[in-house]
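Visitor: A structural model of the following input is requested.
(2 chains)
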Amino acid sequence: MAHIVFEQVTKQYENGFVAVKDLNLAIEADEFLVLVGPSGCGKTTCLRMLAGLETISQGSIYIDGQRINQRSPRERDIAMVFQSYALYPHMSVFDNMAFSLQLQGTPKADIQQRVQAAATQLGIEGLLDRKPKQLSGGQRQRVAVGRAIVRNPAAFLMDEPLSNLDAKLRVQARAELSKLHKKLGTTFVYVTHDQVEAMTMGSRIAVMNQGILQQVDTPQNLYKRPNNMFVAGFMGSPAMNFFQASLQPAGDQLWIEAGTLRLPVPASVKASLQPYLGQPLVFGIRPENIYDPQFAPPGINPVELKATVSVVEMMGHEVIVYLALVDGHEFLARIDPRSRFQPGQTVQVSFDMNRFHLFDRASEQALV
Amino acid sequence: MQDTANLMRLLSAIAAIVLGSGGIIALFYGANWLVNYLPYGLRSRVLPWVYMTPALAVLAAFLILPTIRTLIISFMDRRSEAFVGLDNYIFAFTNSAMLIAFRNNLLWLVLVTGISVSLGLVIAVLVDRVPYEPLAKALIFLPMAISFVGASVIWRFVYAYQPPGFEQIGLLNAIVVALGFEPVGWLVNRTVNNFALIAIMIWLQTGFAMVLLSSAVKGIPQDVIEAARIDGANEFQIFWRITIPMINSTIVVVSTTIIVLVLKVFDIVFVMTGGNLDTDVIASRMIKEMFNFRNFGRGSAIAVILLLAVIPVMVANIRRFQQQEANR
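Guide: Numbers count the residues shown, from 1 in each chain, chains lettered A, B, ... in the order given. Take a look at the predicted model:
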């Protein structure tokens, strides 16, 4: 178990490119922290700096209070699972898993027992004599994880370990990694570009974009209260719908006006929005908070409006509908599969006005 | 007059190229055309042979037949007139000059192969980490482009000897004298002359080994090296336990290629010492018996011995290659 702290960490490459900028992040011991963001956002660089594979340009990284900037990877007591698995092709599965222990000079009997235990835990005890190229993708992934756990390290670093698996295996491996984390109770730092992996596995998620940490929070909070438009748009699939909007008062009611849309602000948040009257804002609503009025659940705060259906994607358990307003603005809705929306129809949809987001248009930050 | 002669020469060179390559194209095209008149079922069985026959014919005429002839001559006397049984082979394995040649060849084999492969490997791993890698590699690879004879001429100057008191024009002796020692007759002194010759071959072959091994080293995924680093391996352990096993097949290929090359070595010895002063190798001995002493029987016997020595290496190489193909 390790407590990891990034303190004002910056990574600038020799060509001047800043991959990570002024990162401050504390990772609790026993936490499953997921670093997520689009490719090139600096998440892998963070992991590689933590592993010691990349130098740190500025700032410090601490493991259990000790500054580790100058330590080589072997002195950091961390294990890493690579996207390509990086198994040693000339070694058997057993030797792959035993390699780190052999280097430490662990007694043979001890190695045998620890590798066996890890293999049993991962269900690969029958493969120990095989070479990596005789294994399937899923088996290789297990060996890579096994190689990490035999060492019993202070922290596990994982760099997109599931991205080379097919969809079905990935779902299974996700659950297994979560179980493994609970069982080992060690710090996991997990890098992915897949927000589904982040949401399902992370005890906390750190969202990064262009080298800058956007928000760190639990999956629920990140989804419910994104700090800014990037986080709002990145977490959730399909992504949140955005409309250019402004707040206008009329009578004792506050209205969100977005093109041809005119949406009443619920009384409960009216007071807190008063300071933003007339300012350029962005109105955001997630596709699942838009309903076919026929199948809208009770207890929401529906506001109906007219839109034209352009595409209907039947997913089985839900329907994704591409809609366009009269002014041409497009948005997506995730609605009940019993809905009869057809392409070309002009339909009524209802927005749940209890669940919307407002952002400042210039800074893209969420309003309170 | 001279101009016309040159022009004629140029024209006949062009004609040779055009007729040579054109003739081959015509041959294949014509054969293909003829095959198309065969019944369909027969066609696919005949076609491969049609394409292979010219190559097989050339191979037979210039490689297989001479080999068989050499084998026959090796059992005959010096003028290939009478059958002498194994006499020539008994000579080859008992004559003192031949035994020295065998000893020298063994020395060449071990030292050239061992040193140029290991040096090439070390350089390949080291240049992988320097920023001016292409330049460093080019410099080390450069000797490869020089012929053995050319290299020998260069090294004659390096090894040049002047009696003490005279100005040393040889690089090596100039250094030795500058350090306060007596100049050494590198090519004359029987304790060093073989090593002096072997050094030339190492200089020539290290670049070859380095280039092939370097590309193999580059073929190792960076991830695997990093995984080893995180697993706690230091650079030395990575070299021994990751790099070398992963490029093992290339090391074998480079080694066997150099072994075959060394078994055939002749030019360096011929130019530098003429095989005198105990520097003969099997191939130079063969040339001497064949063309200086005009003993075709003995010369052929030595050639056959050389051929037999190369075969196991070739077999090992082919086996290795087949294994690799099977493992793909």
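Visitor: can you tell me the helix or strand for whichever residue of the stretch 1-150 of chain B sits closest to chain A?
Guide: Evaluated by Cβ to the nearest Cβ, the stretch 1-150 of chain B has residue B:131 as its residue closest to chain A, separated by 10.5 Å. Glycine gets a C-beta too; all of them are placed from N, C-alpha and C. With secondary structure defined by DSSP states H and E, residue B:131 is part of neither a helix nor a strand.
Visitor: now swap in the one 10 residues further on and tell me
Guide: When elements are assigned from DSSP H and E, residue B:141 belongs to helix B:133-141.
Visitor: how far does that helix sit from its chain's centre?
Guide: From the chain centre to the centre of helix B:133-141 is a distance of 21 Å (Cα atoms, centre = their mean, to the nearest Å).
Visitor: list the contacts of it.
Guide: Contact partners of helix B:133-141, identified using Cβ atoms under 8 Å, 6 or more residues apart in numbering or on different chains, comprise B:123, B:127, B:130, B:206-208, B:210-211, B:214.
Visitor: what's the answer for stretch B:142-161, then?
Guide: By Cβ under 8 Å, 6+ apart, stretch B:142-161 touches B:168-173, B:183-188, B:196, B:199-200, B:203-208, B:211, B:265, B:267-268, B:271-272.
Visitor: and these, which of them are buried?
Guide: B:168, B:170, B:172-173, B:183-187, B:196, B:199-200, B:203-208, B:211, B:265, B:267-268, B:271-272 (16 or more other Cβ atoms under 10 Å in any protein chain shown).
Visitor: so the nearest residue to residue A:45 once chain neighbours are set aside: helix, strand or coil?
Guide: Sequence neighbours aside, residue A:19 is the residue nearest to residue A:45 in space, at 4.3 Å (criterion: Cβ to Cβ, 6 or more residues apart in numbering or on different chains). The three-state assignment at residue A:19 reads strand, by DSSP: H, G, I helix; E, B strand; the rest coil.
Visitor: show me what contacts residue A:19?
Guide: Applying Cβ under 8 Å, 6+ apart as the definition, the contact partners of residue A:19 turn out to be A:11-13, A:42, A:45, A:211.
Visitor: which element, helix or strand, includes residue B:206?
Guide: Secondary structure (DSSP H and E) places residue B:206 in helix B:193-218.
Visitor: next, the angle helix B:193-218 makes with the next helix or strand after that helix.
Guide: Per DSSP H and E, helix B:193-218 leads on to helix B:222-230 as the next helix or strand towards the C-terminus. Angle, helix B:222-230 to helix B:193-218, by axes from the mean of the first three to the mean of the last three Cα atoms, to 10 degrees: 100 degrees.
Visitor: tell me the buried residues in the next helix or strand after helix B:222-230?
Guide: Using DSSP H and E, the helix or strand that follows helix B:222-230 towards the C-terminus is helix B:235-238. Residues B:237-238 are the ones in helix B:235-238 that count as buried (16+ other Cβ under 10 Å).
Visitor: so after helix B:235-238, what's the next helix or strand?
Guide: helix B:244-246.
Visitor: now do the domain split for the chain, please.
Guide: Because you didn't say which chain, this covers chain A. Segmentation of chain A into domains, based on automatic domain parsing, reads A:4-234, A:241-360.
Visitor: actually it's chain B I care about, not the one you picked
Guide: Segmentation of chain B into domains, based on automatic domain parsing, reads B:2-73, B:95-151+B:192-327.
Visitor: wait, which of these is closest to residue A:314?
Guide: Go through the domains of chain B one by one with Cβ to Cβ and the one that ends up closest to residue A:314 is domain B:95-151+B:192-327, at 40.6 Å.
Visitor: model confidence score at residue 128, please.
Guide: As the question left the chain open, I've gone with chain A. Confidence at residue A:128, expressed as pLDDT, is 92.
Visitor: that's the wrong chain, I meant chain B
Guide: 82.
Visitor: now residue A:16: phi and psi?
Guide: Here the main-chain torsion angles of residue A:16 (degrees, to the nearest 10) amount to phi 100, psi -10.
Visitor: how many other residues sit next to residue A:348?
Guide: Residue A:348 is flanked by 12 other residues according to other Cβ atoms under 10 Å in any protein chain shown.
Visitor: correct me if wrong: it contacts residue A:293.
Guide: Yes. With contacts defined as Cβ atoms under 8 Å, residue A:348 counts as touching residue A:293 at a distance of 5.4 Å.
Visitor: need the overlap of contacts for the two.
Guide: Among the neighbours of residue A:348, those also in contact with residue A:293 (Cβ under 8 Å, 6+ apart) are residue A:304.
Visitor: quick one: buried residues of stretch A:10-25?
Guide: A:10-11, A:18-21, A:23, A:25.
Visitor: stretch B:210-218 too?
Guide: Neighbour-count burial for stretch B:210-218 [16+ other Cβ under 10 Å]: B:210-214, B:216-217.
Visitor: list just the nearest of those to residue A:166.
Guide: Nearest to residue A:166, judged by Cβ to Cβ, of the buried residues of stretch B:210-218 is residue B:216 at 31.9 Å.
Visitor: the closest one touches residue B:253, doesn't it?
Guide: No. Assessed by Cβ under 8 Å, residue B:216 is found out of contact with residue B:253, at 9.3 Å.
Visitor: what's the overlap in contacts for those two?
Guide: With Cβ under 8 Å, 6+ apart, residue B:216 and residue B:253 have no common neighbours.
Visitor: of all the contacts of helix B:133-141, which two lie farthest apart?
Guide: Between all members of the contacts of helix B:133-141, the longest pairwise span (Cβ to Cβ) is found for B:130 and B:208 and amounts to 20.0 Å.
Visitor: roughly how far does the residue nearest to the spatial centre of chain B sit from residue B:143?
Guide: Residue closest to the average C-alpha location in chain B (Cα atoms, centre = their mean): residue B:261, at 2.4 Å. In this structure, residue B:261 and residue B:143 are separated by 14 Å, where distance is defined by Cβ to Cβ, to the nearest Å.
Visitor: now the common contact residues for the two.
Guide: By Cβ under 8 Å, 6+ apart, residue B:261 and residue B:143 have no common neighbours.
Visitor: so which helix or strand takes in the residue nearest to the centre of chain B?
Guide: Counting by DSSP H and E, the element that carries residue B:261 is helix B:248-263.
Visitor: avg pLDDT for that helix?
Guide: Here the mean pLDDT over helix B:248-263 is 88, rounded to a whole number.
Visitor: over to stretch B:214-230?
Guide: Stretch B:214-230 comes out with an average pLDDT of 91.
Visitor: now swap in stretch A:189-196 and tell me
Guide: Averaging the model's pLDDT scores along stretch A:189-196 yields 93.
Visitor: return it as CSV; C-alpha atoms alone will do.
Guide: Extracted C-alpha coordinates of stretch A:189-196, given in CSV (Å, rounded to 0.1, in the frame of the first residue of the first chain):
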residue,chain,number,x,y,z
VAL,A,189,-3.2,3.7,-10.7
TYR,A,190,-5.0,3.0,-13.9
VAL,A,191,-4.7,4.8,-17.2
THR,A,192,-7.4,4.6,-19.9
HIS,A,193,-9.1,6.6,-22.6
ASP,A,194,-12.3,4.7,-22.1
GLN,A,195,-14.7,6.5,-19.8
VAL,A,196,-16.7,3.4,-19.3
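Visitor: who touches that stretch?
Guide: The list of residues contacting stretch A:189-196 from outside it, by Cβ under 8 Å, 6+ apart, reads A:4, A:27, A:32-39, A:43-44, A:46-47, A:50, A:155-163, A:177, A:197-198, A:201-202, A:234-237.
Visitor: what of stretch B:270-280?
Guide: By Cβ under 8 Å, 6+ apart, the residues outside stretch B:270-280 that reach it are B:97, B:100-101, B:104, B:148-149, B:152-153, B:155-156, B:159, B:187-188, B:190, B:193-194, B:196-197, B:200, B:269, B:281, B:284-285, B:287-288.
Visitor: and those, which are buried?
Guide: B:100-101, B:104, B:148, B:152, B:155-156, B:159, B:187, B:193-194, B:196-197, B:200, B:269, B:281, B:284-285, B:287-288.
Visitor: adding pLDDT and secondary structure, write the contacts of residue A:19 out as CSV.
Guide: As requested, these are arranged in CSV below (pLDDT from 0 to 100; DSSP: H, G, I helix; E, B strand; the rest coil):
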residue, pLDDT, secondary structure
A:11, 93, strand
A:12, 93, strand
A:13, 91, coil
A:42, 91, coil
A:45, 93, helix
A:211, 92, coil
